[in-house]
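K.L.:
everything below, folded, please.
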Amino acid sequence: MTGTLRRTAADDDALLERLHDLTWGTGTTSDPHGCLPDQPFPPLTNAKVEQVERQLGHELPPLLRRIYTEIDDGGFGPEGDLASLTPRRIPYRHRPDWPCATSLHTRGPKYGRPASWLFLTGGDCSMQWHVSSIAIDNPVLLWDADRWEPDWGENPHDGLCYTAPSLRQRLWTWADGGNAWDEALKII
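P.N.:
Numbering: from 1, shown residues only. Have a look, this model is predicted:
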């Protein structure tokens, strides 16, 4: 397993090639739960990503930007459902609207989440995976809304676990066949 190697930006082309293969059907990862779209969503144009970044108020991490412009607009990846940046609809799903990071981002401050956290995908129950848009290496965060209580003087950071030191590492773990929950459960 290569997930323990220290990956750098120099490895990003290889990572994106692997992610493309996994996303568009030439890789070996399957959808055991049957919850993914029949087809990945098409990649976004750079102009559309720039529009999303203006809406978010900050740029996407460069690796995430490349994923959305070179691979697709969500619907693949660790946990099987990377959020899209644009609203998507899948009529046959039990929840027809695909999770949209941009829409969820606008609601984040209402729940006390910092604007620098970008929603990646849902977890179990009250958990959500986020990426820090401003921290060095863009660590991946697992946030549990049930792990903090505002009435006790706690803040959203009390429900937070850093689960991967970088988005790059999290994606390599998945691309190499690893399980992101294994890493998260070591920390929780």
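
K.L.:
how many other residues sit next to His105?
P.N.:
Residue neighbour count, defined by other Cβ atoms under 10 Å, stands at 22 for His105. Any C-beta I mention is one placed from the backbone N, CA and C, and that applies to glycine too.

K.L.:
which other helices and strands contact the helix or strand where it lies?
P.N.:
In this structure, His105 is located in helix 101-107 according to DSSP states H and E. If you count contacts as 3 or more Cβ pairs under 8 Å, 6 or more residues apart in numbering; DSSP states H and E, helix 101-107 packs onto helix 46-56, strand 117-122.

K.L.:
next secondary structure element downstream of the first one?
P.N.:
Downstream of helix 46-56, the first helix or strand assigned by DSSP H and E is helix 62-70.

K.L.:
what angle do that following helix and helix 46-56 make?
P.N.:
Using axes from the mean of the first three to the mean of the last three Cα atoms, to 10 degrees, the inter-axis angle of helix 62-70 relative to helix 46-56 is 130 degrees.

K.L.:
helices or strands up against the very next helix or strand once past helix 62-70?
P.N.:
Proceeding N to C from helix 62-70, the next assigned helix or strand is strand 88-89, under DSSP H and E. Contact here means 3+ Cβ pairs under 8 Å, 6+ apart; on that basis strand 88-89 packs against strand 97-98.

K.L.:
hang on, the earlier thing: worst mean pLDDT among the helices and strands packed on helix 101-107?
P.N.:
Least confidently modelled of the helices and strands packed on helix 101-107 is strand 117-122, at a mean of 87 by mean pLDDT.

K.L.:
where does pLDDT dip in this protein?
P.N.:
By pLDDT under 70, the weakly predicted segments of the chain are 1-4, 26-39, 78-80, 90-96, 107-112, 183-188.

K.L.:
try it again at 90.
P.N.:
Residue ranges of the chain with pLDDT under 90: 1-9, 19-42, 55-58, 72, 74-84, 86-119, 121-130, 141-164, 170, 173-188.

K.L.:
for the helix holding His105, buried residues please.
P.N.:
Residues 101-105 are the ones in helix 101-107 that count as buried (16 or more other Cβ atoms under 10 Å).
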